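Asker: Below: sequence and its predicted model.
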Amino acid sequence: MNQSSFELFKELNPEALQKKFLNSLLKIQNVQRGSIWIKKEDTYLCVEAEGDETGQIKGISLDIQHPSIVGWVIENKKMTIAETKSDRRHYKEVENKFSVKSSLILCFPLFFRDKKVYGAVQIIDTTPNKTSLNLDKGYLEQLQNLVDIFSIALSNAILYSNEKQKTLRLKTALKETKHKSIIIGQSKSFQQCLDLVKSYADTEFHVLITGESGTGKELIAERIHKASARKNKPFLVQNCSAIPETLLESELFGYKKGAFTGATTDKMGLFEAADGGTVFLDEIGDMPMSIQASLLRVLQKNEIKPLGETRVRHVDIRIVTATNKDIKQMIAENSFRQDLFYRLSVLPVHLPSLKKRREDIPLLIQHFLEKESVEAGTMEKKLSTNAMQSLVSYAWPGNIRELENLIRYLIVTAQDDYIELTNIPLHVRDQNPDIDPFGGHVQTSKKDSNDFISTIGNMTWPQLEKEYVISLLKKNNWNITWAAKASGINRSTFASRMRKLEIKRYQE
């Protein structure tokens, strides 16, 4: 292959590559007509055509059910030579309007690297005596090798182009959704939360969101606001643990000029700025008792009094709060006002931790892989089955926030297109049952071991088998394929045993 041929296969634009290659083939075989076809769903689409009158066929589709030389080559995965007058495979209708018809067609399949056929290229002789094409066996073998190389080059260019277009679409989508809350999850427990949120949005009552850190409490608060009658008004956020007590009060209520040293101008507080809208107070459990009393007045009378002000001001706001703390325990310890808690928690919603909604983990992983790949300006990576299983099995003490940060890490550190199990950090992929997911060690005593032996000794074989199968299913988040692989038998046999043992999903 000469230097110009190598340059040809460096081309990453599919349209330019197929045009250049087709012209090269026509020149090599000394003919003036040719075409390239791609299998697309239930049709064969002509994506490139060269020669007199071929402008009429570029872009047309052939029904996959209709006999054609292209279809035969794609389905049989091998080259063919066809005399158009006698070969029943020839789709004569395509050339109905041509003044010069085909006399002999040489057609090669186009392969992916995995030998799957995705299209075909036709080199066409239009001379009446069919003498232009070189059909020498040795020559055709060399030509086949050239076509095979081109096939891979074109498939790579198509994949690259598809990934590039996907990246552009994702970038556009990210721009459009940058200021929108994206909530992902289809697990039963999470959907129940979303149903509550939807019903809460139609009211004006205050909402208290509870749940572990990183479960998405701010996204839920924003969803409530966006679905409410206040959606066109401000949605303002304040983390109660992020700033000192004195600053928190001035941030929420504002102040008058001269109220304290440094107060050189009037400052509008968050509550007043959000008039007509919603205020989200995150980490409400960290709000000092002194400010809790002032907040209670806002909830009771819709009144605020900026620092240094002598008169109250009326505001129309809805307050949504969130915490990862046990507020009832704090009430018992006199660190949170009971009357404030009852005002805040008219409509409570508790977000489940990620380990309690494991079926949502693959959805979240896919979302973060797409999102973070675009942000990092890299091609989207895929996750191997073993790596996915490891991430689904992990305890996720940091919940969704920890998962998102791990995906960012993997996108940067994994060198290949696929993220393998070896790329996953040790503390995540180590599924040793004697290691607690939060870093501690679970000690198994001799007594525990003896109790276990005694228990299984009193079980029948079907009972023991049933317990074993259920244990595997729970460990693998009820994914039958993974559980079967862990058991060492094929999926169909494993599923058959499940039916015989009358095991149903989520059986306790």
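Answerer: That came through, no problem.
Asker: Surely residue 190 touches residue 357?
Answerer: Yes: the criterion here is C-beta atoms under 8 Å, and residue 190 meets it with residue 357 at 5.0 Å. From N, CA and C alone the C-beta is placed, and that goes for glycine too.
Asker: Do I have it right that residue 484 meets residue 496?
Answerer: No: using C-beta under 8 Å, residue 484 is not in contact with residue 496; the gap is 10.4 Å.
Asker: Alpha carbons of stretch 232-246, as PDB, please.
Answerer: Output in PDB follows, covering the C-alpha atoms of stretch 232-246 (Å, rounded to 0.1, in the frame of the first residue of the first chain):
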ATOM      1  CA  ASN A 232     -41.800  31.900  38.200                       C
ATOM      2  CA  LYS A 233     -40.600  33.500  41.400                       C
ATOM      3  CA  PRO A 234     -37.200  33.200  43.100                       C
ATOM      4  CA  PHE A 235     -35.800  29.900  44.500                       C
ATOM      5  CA  LEU A 236     -33.000  30.900  47.000                       C
ATOM      6  CA  VAL A 237     -30.800  28.600  48.900                       C
ATOM      7  CA  GLN A 238     -28.900  29.000  52.300                       C
ATOM      8  CA  ASN A 239     -26.800  26.400  54.000                       C
ATOM      9  CA  CYS A 240     -27.200  26.900  57.700                       C
ATOM     10  CA  SER A 241     -23.900  25.300  58.600                       C
ATOM     11  CA  ALA A 242     -21.800  27.200  56.100                       C
ATOM     12  CA  ILE A 243     -21.500  30.500  57.800                       C
ATOM     13  CA  PRO A 244     -21.200  31.800  61.500                       C
ATOM     14  CA  GLU A 245     -24.300  32.500  63.500                       C
ATOM     15  CA  THR A 246     -24.000  36.400  63.300                       C
END
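Asker: which regions of the protein sit below the pLDDT cut-off?
Answerer: 1-14, 113-114, 157-181, 431-459, 505-508 (pLDDT under 70).
Asker: what's the domain layout of it?
Answerer: Domain ranges of the chain: 3-162, 200-351, 356-429, 448-500, per automatic domain parsing.
Asker: Show me how far the longest one is from its chain's centre.
Answerer: Just to be clear, that refers to domain 3-162. Computed by C-alpha atoms, centre = their mean, to the nearest Å, the chain-centroid distance of domain 3-162 equals 37 Å.
Asker: Neighbour count: residue 190 and residue 357, which is higher?
Answerer: With neighbours defined as other C-beta atoms under 10 Å, residue 190 and residue 357 compare such that residue 357 has more, 24 against 21.
Asker: tally of neighbours for the residue nearest to the more buried one when sequence neighbours are not counted?
Answerer: What sits nearest to residue 357 in space, not counting adjacent residues and going by C-beta to C-beta, 6 or more residues apart in numbering, is residue 187, at 3.9 Å. As a burial measure, residue 187 scores 17 neighbours (other C-beta under 10 Å).
Asker: Number the chain from 20, please
Answerer: In the new numbering, first residue 20, that becomes residue 206.
Asker: what's residue 206 in contact with, if anything?
Answerer: 371, 376, 377, 378, 379 (C-beta atoms under 8 Å, 6 or more residues apart in numbering).
Asker: Swap in 7 Å and give it another go.
Answerer: 376, 378, 379 (C-beta atoms under 7 Å, 6 or more residues apart in numbering).
Asker: ok, so what distance separates it from residue 55?
Answerer: Distance, residue 206 to residue 55, using C-beta to C-beta, to the nearest Å: 46 Å.
Asker: Ok, residue 325 next?
Answerer: Counting by C-beta to C-beta - residue 325 and residue 55 are separated by 73 Å.
Asker: Mind checking what secondary structure residue 141 has?
Answerer: Three-state assignment for residue 141 (DSSP: H, G, I helix; E, B strand; the rest coil): strand.
Asker: wait, isn't it in contact with residue 124?
Answerer: Yes: with contact defined as C-beta atoms under 7 Å, residue 141 and residue 124 form a contacting pair (5.6 Å).
Asker: And the two? Which one has more around it.
Answerer: Between residue 141 and residue 124, counting by other C-beta under 10 Å, residue 124 is the more crowded of the two (25 against 22).
Asker: ok so that one is a strand residue?
Answerer: Yes: using three-state DSSP, the assignment for residue 124 is a strand.
Asker: now it, nearest residue through space, not along the chain?
Answerer: residue 101 (4.7 Å).
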